[in-house]
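**Q** Dropping the sequence and predicted coords here.
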Number of protein chains: 2
Amino acid sequence: MRGFFSLKTVDEVRDLQAEHFAALRVGMETVPAAEALGRVLGEEVRTPGPVPHFSRSMVDGYAVRAADTAGASQGLPAYLEIVGTVEMGRPAEFAIEPGQCAVVPTGGMLPVGSDAAAMIEHTELLGETTVELAKAVSPGQGVMTEGEDLPAGALCLSPGLRLRAGDLALLATIGVTEVCVYRRPVVAILSTGDEVVPPGATPGPAEVRDANGVALAAMVTEAGGEPRFCGIVRDVEGSLEQAARAAFEGADALIISGGSSVGERDLAKQVLHNLGEPGVLVHGVSLKPGKPTIIGLAGGKPVFGLPGHPLSAMVSFHCLVRPILRRLGGELELREPSLTARLTRKVPSESGRTELVRVRLIGSSTGPLAEPLFGKSAGLTSLTAAHGFVEVPLGVEGLDADAEVRVILL
Amino acid sequence: MRGFFSLKTVDEVRDLQAEHFAALRVGMETVPAAEALGRVLGEEVRTPGPVPHFSRSMVDGYAVRAADTAGASQGLPAYLEIVGTVEMGRPAEFAIEPGQCAVVPTGGMLPVGSDAAAMIEHTELLGETTVELAKAVSPGQGVMTEGEDLPAGALCLSPGLRLRAGDLALLATIGVTEVCVYRRPVVAILSTGDEVVPPGATPGPAEVRDANGVALAAMVTEAGGEPRFCGIVRDVEGSLEQAARAAFEGADALIISGGSSVGERDLAKQVLHNLGEPGVLVHGVSLKPGKPTIIGLAGGKPVFGLPGHPLSAMVSFHCLVRPILRRLGGELELREPSLTARLTRKVPSESGRTELVRVRLIGSSTGPLAEPLFGKSAGLTSLTAAHGFVEVPLGVEGLDADAEVRVILL
């Protein structure tokens, strides 16, 4: 029995990540708010004034004094005098006195004196200046009052938030047209391995095309980073170390994938270790697939060595690299879409490693079912067909059919 | 009682959508596969040859004839003669005869005659050319055989699929460097309303900044489209119709948001209706928020009128516009990440409309909890704070506290 690495568990790796990587951040830049979808906010945003900044009607109808409508019903309606019409975008030039009301459109500013809006559906016009109201309204009903959504000076968006469409709507509403966001982390990607040729080349009988370059670049993009693919390097007389140094220059992180054989793995580790202090922290994780993963830190920047096999590289990235890159990019709350499902069949596991099993989701009358996609193959098709992963924790000898599991959505 | 529209239920709208919109598709274009993340595949992809195209070892160890290892154990090991070493990327220049084996790295091509790979951990080297094997391997064990993942000519990716990182890995593996994808649907967006000013302007006392332009553009991007914001138009002497025609030119769809008052809504409807046949199909949906939604079809292109209130516009887009745009962009399987949670408290509902309640997710020992974010306000903060929506179906009078609900993740 010979061990190639001293394997760390996924939990041990996460502890190390929390210790060494959690505080790393790229710098910030200012961008137009309209182009900030998916960017991570770098500063807190406070409302310059109340939101909304005036009390407005939420219905088409009449701006009223709620007290005038107390007790109004079909049998005993209230009668109000119409003293004017509110126009969109303009303050009314009149006030509402007791017994009076004004026509108001949805979004129209409430005239002084009114404190509620009655829906037109509950009214009947009697002549030109009198309206009959068949339903009482309470103060504030049918209106959104000044500052009701947010008072002036309120913290409305916090640093570390990945901006969504609703956040951009809020920024526009309060007049913020530029925001300070974290830069997208630039992640250099190198593929290596004597058997690897570019996707456009015809591989020899024992060669394979490089799938990791394009797949890892896509995953870096999805994690909010900016991938910089630096090509395929075969190690001839130190060329990998040279290429790694060049790729690392100006990047915020480096990923070398490949080097499947023992000798190549040791080389990748050495190259990553030589990039800077403190060097390689993890060499080998009890994760299946993804065991030969290398994680290090060189001069304040994360460096990774991922397996050559594309499925293994992608699972390892998902589980171990992505959280580090997202934090590096400033994100604070790493939400991961997941859902609960029941397994369609038993998942055997060797229990010595955390296993990420690919599953396909199937609807059923009793809720979603998760069908494990096996094949000893570790073939890519188990990933292209998958909707997500189920984690079989370390030390658990498989999961039973019908077990309730959390599916991490891909 | 006066009705402004003849409201359609959400289900009726979905039926109309299936009838009128489901078959609409934008055209296709060819793009580099490496840049196709998130694009929708326009053609089927078949494997040009078997995947993998040679049988390879999945372990570091020895390529063997499985029959030679039958019955091998710690107590009764098998002894094999080492006849060579397989190098990465090169076919072996020798064959494995009975009683023989070869050193093979992970990913190395199996030599002729071998049909399994023994892990080095289960072996002991005895001198230079003999290895002791303490564990039997079965045929195919430790190897991935030619075509095991996919045979030649297999359908591996289908049209209508939104490409993920794993799909790009598969394309690279089989040497596909360009793919035919649907164009991103170009969606023209117009804001209107007498009360609306640009986000960079200072609104008057009864005016509001346009939040819909930026928010709808972001949602179009998220739905795989290409937004084209065409500005804010106040209707003066037919200027809205003119602007709508100009925006619609060269676009695949048009969204006009705003026009909150009755008159403005009627105008937006008329403008959309005049763009082409058959015109407006839906004017008013029993959806809360989002009631004053207009859906139409003009010369084979979808046109929409959305409410002026940003929250209403965004909910309406999510529920009614997004599925149409995703189909228009070629997507076949409209998966929507969701999870099951329990409500922290009662959700009252008026039952006359389908209601989309914003919820915040909270972890708990018994699974995720969904906290409804009310405020009659319909304020934007209920959206920025939300992790998802819970749908209260039409005809249901609210949901009880502790009820199990499906949360559609935002």
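**A** Here it is on my side, so go on.
**Q** I'd guessed A:Leu41 sits against A:Leu155; true?
**A** No - applying Cβ atoms under 8 Å as the test, A:Leu41 and A:Leu155 come out as separate, 11.7 Å apart. (Each C-beta comes from the backbone N, C-alpha and C, glycine too.)
**Q** for chain B, what are the nearby residues on the stretch 251-400 of chain A?
**A** Applying Cβ under 8 Å from any Cβ of the partner chain, we find that the stretch 251-400 of chain A lies next to chain B at A:260-264, A:308-310, A:314, A:335, A:337-340, A:367, A:375, A:377-381, A:383-384, A:386-387.
**Q** rerun at 6 Å
**A** By Cβ under 6 Å from any Cβ of the partner chain, the residues of the stretch 251-400 of chain A that approach chain B are A:260-262, A:310, A:337, A:339-340, A:377, A:379-381, A:383-384.
**Q** tell me the SS of A:Ala92?
**A** In three-state terms, and counting by DSSP: H, G, I helix; E, B strand; the rest coil, A:Ala92 is coil.
**Q** how deep is it tucked in, by neighbour count?
**A** Neighbours of A:Ala92 under the rule other Cβ atoms under 10 Å in any protein chain shown: 22.
**Q** Contact partners for it?
**A** A:Ala92 makes contact with A:Val86, A:Pro111, according to Cβ atoms under 6 Å, 6 or more residues apart in numbering or on different chains.
**Q** what about 10 Å?
**A** By Cβ atoms under 10 Å, 6 or more residues apart in numbering or on different chains, the contact list for A:Ala92 reads A:63, A:83-86, A:102, A:104, A:108-114, B:206.
**Q** among the residues you listed, which two are most distant?
**A** The largest separation in the contacts of A:Ala92, counting by Cβ to Cβ, is between A:Val83 and B:Ala206 at 17.4 Å.
**Q** How confident is the prediction for the residue in chain A sticking out farthest from the centre, by pLDDT?
**A** The outermost residue of chain A relative to its centre, with distances by Cα atoms, centre = their mean, is A:Gly127 at 56.7 Å. We have a pLDDT of 89 for A:Gly127.
**Q** Then A:Leu311?
**A** What the model reports as pLDDT for A:Leu311 is 92.
**Q** ok, A:Glu128 touching A:Ile82?
**A** Yes - if you go by Cβ atoms under 10 Å, A:Glu128 and A:Ile82 touch, sitting 7.6 Å apart.
**Q** could you pull out the strands for the stretch 101-250 of chain A?
**A** Under the criterion DSSP state E, counting those that start in this stretch, strands of the stretch 101-250 of chain A are mapped to A:116-119, A:123-126, A:130-133, A:143-144, A:155-157, A:178-182, A:186-192, A:196-197, A:208-209, A:226-233.
**Q** Next: the stretch 301-410 of chain A.
**A** Using DSSP E, counting those that start in this stretch, the strands of the stretch 301-410 of chain A run over A:301-306, A:338-343, A:354-362, A:369-372, A:388-392, A:404-409.
**Q** Now mean pLDDT too, for those strands, in TSV please.
**A** Listed next are the strands of the stretch 301-410 of chain A as TSV, based on pLDDT from 0 to 100:
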stretch	mean pLDDT
strand A:301-306	97
strand A:338-343	88
strand A:354-362	92
strand A:369-372	94
strand A:388-392	93
strand A:404-409	90
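**Q** what ranges do the helices span in the stretch 1-150 of chain A?
**A** Ranges of helices in the stretch 1-150 of chain A, per DSSP state H, counting those that start in this stretch, are A:10-20.
**Q** Need the pLDDT of the nearest residue to A:Gly224 once chain neighbours are set aside.
**A** Among residues not flanking A:Gly224 along the chain, A:Gly329 sits closest, at 4.7 Å (Cβ to Cβ, 6 or more residues apart in numbering or on different chains). Note for A:Gly329: predicted pLDDT of 98.
**Q** Touching, A:Gly329 and A:Val181? I think so.
**A** Yes - A:Gly329 is within contact range of A:Val181, at 9.4 Å (criterion: Cβ under 10 Å).
**Q** quick one: common contacting residues for those two?
**A** With Cβ under 10 Å, 6+ apart, A:Gly329 and A:Val181 have common neighbours A:Arg39, A:Val40, A:Arg162.
**Q** Name the nearest residue to the first one, ignoring sequence neighbours.
**A** The spatial neighbour of A:Arg39 that comes closest, neighbours along the chain excluded (Cβ to Cβ, 6+ apart), is A:Val181 at 4.0 Å.
**Q** quick one: contacts for the one you found?
**A** Contacts of A:Val181 (Cβ under 10 Å, 6+ apart): A:28-31, A:33, A:35-36, A:38-43, A:159, A:161-163, A:329-330.
**Q** Got the domain ranges for chain A?
**A** Here the domain parsing of chain A from automatic domain parsing is A:10-27+A:184-328, A:28-50+A:151-182, A:56-144, A:338-409.
**Q** Show me which of those has the highest average neighbour count.
**A** Sort the domains of chain A by mean neighbour count, taking mean count of other Cβ atoms under 10 Å in any protein chain shown, and domain A:10-27+A:184-328 sits at the top with a mean of 21.
**Q** distance between the ends of that one?
**A** Taking Cα to Cα, to the nearest Å, domain A:10-27+A:184-328 runs 20 Å from one end to the other.
**Q** Could you do stretch A:206-219 as well?
**A** End-to-end distance (Cα to Cα), stretch A:206-219: 27 Å.
**Q** where does chain A have low pLDDT?
**A** Residue ranges of chain A with pLDDT under 70: A:1-5, A:260, A:351, A:375-378.
**Q** is it true that A:His53 touches A:Thr47?
**A** Yes - counting by Cβ under 10 Å, A:His53 touches A:Thr47, with 9.5 Å between them.
**Q** and for the two, which residues touch both?
**A** Residues touching both A:His53 and A:Thr47 by Cβ under 10 Å, 6+ apart: A:Gly147, A:Ala152, A:Thr173, A:Ile174, A:Gly175.
**Q** what sits against the closest residue to chain B within the stretch 301-410 of chain A?
**A** The minimum distance from the stretch 301-410 of chain A to chain B, using Cβ to the nearest Cβ, falls at A:Gly379 (3.2 Å). A:Gly379 makes contact with A:309-311, A:373, A:385, B:51-52, B:144, B:148-150, B:170, B:173, according to Cβ under 10 Å, 6+ apart.
**Q** repeat that with 7 Å
**A** The contact partners of A:Gly379, taken as Cβ atoms under 7 Å, 6 or more residues apart in numbering or on different chains, are B:Glu148, B:Asp149.
**Q** what's the spacing between it and B:Ala152?
**A** Distance, A:Gly379 to B:Ala152, using Cβ to Cβ, to the nearest Å: 15 Å.
**Q** How about A:Val321?
**A** For A:Val321 relative to B:Ala152 (Cβ to Cβ), the value is 34 Å.
**Q** A:Ser6 - how many residues pack around it?
**A** Around A:Ser6 there are 8 other residues, counting by other Cβ under 10 Å.
**Q** Now it: closest residue in space, sequence neighbours ignored.
**A** Spatial nearest neighbour of A:Ser6, chain neighbours left out: A:Gly284 (6.7 Å); criterion: Cβ to Cβ, 6+ apart.
**Q** Also A:Ala215?
**A** Using Cβ to Cβ, 6+ apart and skipping residues adjacent in sequence, the residue nearest A:Ala215 is B:Ala169, 3.7 Å away.
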